[in-house]
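In: here's my sequence, what's the structure:
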Amino acid sequence: MYPRRFVMTHSQPYFPSVNASDGGAFRRFSAMRLAFAFMLAVLAAPAGAAEDPQVFTVRGVAVDATADSAARARDQALAAGQAAALNRLFSRLALASDRDKLPPVSTEAVNDLVKDFEVADEKTSSVRYLAALTVRFKPDAVRNLLRERGVGFAETPSKPLLVLPVYELVGALSLWDDPNPWRAAWDRLPPTDGLVPVARAKGDLQDIALIGAEQAVRGDDKRLTAIARRHGAADVLVARAGMRFPEGVSPAEGSGPWLQVTLSRFGTSQLEQTRVEAFYRESGESEEALFNRAAAVIAAQVQENWKRNNRLRFDTGDELTVEVPLNSLAQWLEIKGKLEKVPFIRRSDLIFLTRKGARLRLNFIGDEEQLRLALIQSDLSLVRGATSLVLRQGAADNEDGRGKSAAP
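Out: Predicted coordinates:
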């Protein structure tokens, strides 16, 4: 689409000078030059958006079917398992508000969208079949279906989010100490199947030394950064929860209590906002069930907010020219590979490549802030330099501190 040119600076030549009278050296130089030209052509090939295969793979689908024969039970189980996997994929990618636009999951739809599947832990009898499936879907076919139906969706996987559940009781804050029914409720949640992995702190001696309840609630940047790094997370969600009662009513009287949860997210975004949620106890609901329900709702909100903020908007887009500082060919290959997996990038064109850096033209959908957030998930940062935009590996210089962002 775009013309590409390559610049090799005279100050840093790629090849030593060779005397043409030295036939062997000249032939070696010519072979080296041809090899380099081939390598550069490969490196300069324009890159389109390449899907992350894990996003379109659904694992651990349990199947169990009984029929008049083992073969028929197996067929029924595999069909039901692939349909269940497709429903899980739709839940992972599509906004909940758009799910009613999706067609019913039928055998025909499954056959059109499934790429292949694996079977593990098979158990059979004469009439029963049990197994666990891993189902891989065709990314383009899934995207096309969602777009045709007008379903908003995202496919950018987030780095893990670490949740710190702080429990408040009669003014005292608890994070690691027991009892903490709020932390127990988060520990009871099943593993997430969404785009945002939720990490749980261990609560061991090292965690206790890194941060306490008051420091978490206060938003201590240094300590939040330290515990996030320990658990491989990019962001930390501090969820402070405590029971509230109508004014003038004591907890013992038990009239109309509710669970109040204050959510503050610290990490990649610089938006400052605190969100407060109230969960009222339903008739006959125990306190443990109330805490479980609140944790499940907030965990679902995390997934939906991520999808909403990273929704692929095919009707908008832009182009940016970025400078990429480099210190090795291996680094360039790593950056190039990461760019190919960012869903927002339609195309990446190399303008020139030298030993010290490259210049790229990025054609992307959505807006620049969405692109920036998606790049962070791949350990790439887009920052504004003195004269141009700069794409770097790792965190940006201005992101050493952890910002406080919209929750959750």
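In: give me the low-pLDDT residue ranges for the stretch 51-200 of the chain?
Out: 51-53 (pLDDT under 70).
In: would you map the helices across it?
Out: Here the stretch 51-200 of the chain has its helices, by DSSP state H, counting those that start in this stretch, at 70-93, 107-113, 139-148, 181-187.
In: contacts for the third one next, please.
Out: Pointing back at helix 139-148 there. The list of residues contacting helix 139-148 from outside it, by C-beta atoms under 8 Å, 6 or more residues apart in numbering, reads 51, 55-56, 89, 93-94, 102-103, 109, 112-113, 153, 155, 314. C-beta: built from backbone N, CA, C; applies to glycine.
In: out of those, which are buried?
Out: 51, 55, 56, 89, 93, 94, 102, 109, 113, 153, 155 (16 or more other C-beta atoms under 10 Å).
In: quick check, nearest of the residues you listed to residue 223?
Out: If you rank the buried ones among the contacts of helix 139-148 by distance to residue 223 using C-beta to C-beta, residue 55 comes first, at 32.2 Å.
In: just give the closest residue to that closest one, not the sequence neighbours.
Out: Spatial nearest neighbour of residue 55, excluding adjacent residues (C-beta to C-beta, 6 or more residues apart in numbering): residue 155 at 5.1 Å.
In: residue contacts, residue 64?
Out: 77, 128, 129, 130.
In: for the third one, which non-adjacent residue is spatially closest?
Out: For residue 129, ignoring the flanking residues on the chain, the nearest one in space by C-beta to C-beta, 6+ apart is residue 73 at 4.0 Å.
In: now swap in the second one and tell me
Out: Counting by C-beta to C-beta, 6+ apart, the nearest residue to residue 128 once its immediate chain neighbours are dropped is residue 66, at 4.7 Å.
In: is it true that the one you found touches residue 126?
Out: No - Residue 66 is beyond contact range of residue 126, at 10.2 Å (criterion: C-beta atoms under 8 Å).
In: check the gap between residue 320 and residue 198 for me.
Out: As for residue 320, its distance to residue 198 is 32 Å (criterion: C-beta to C-beta, to the nearest Å).
In: hmm, who's touching the host helix or strand of residue 266?
Out: Element membership for residue 266, per DSSP states H and E: strand 258-267. The contact list for strand 258-267, computed with C-beta under 8 Å, 6+ apart, reads 161, 219, 221, 224, 228, 233-244, 274-281, 290-291, 294, 298, 402-408.
In: run through the stretch 251-400 of the chain and note the low-pLDDT ranges.
Out: Along the stretch 251-400 of the chain, the parts satisfying pLDDT under 70 run over 251-255, 269-273, 395-400.
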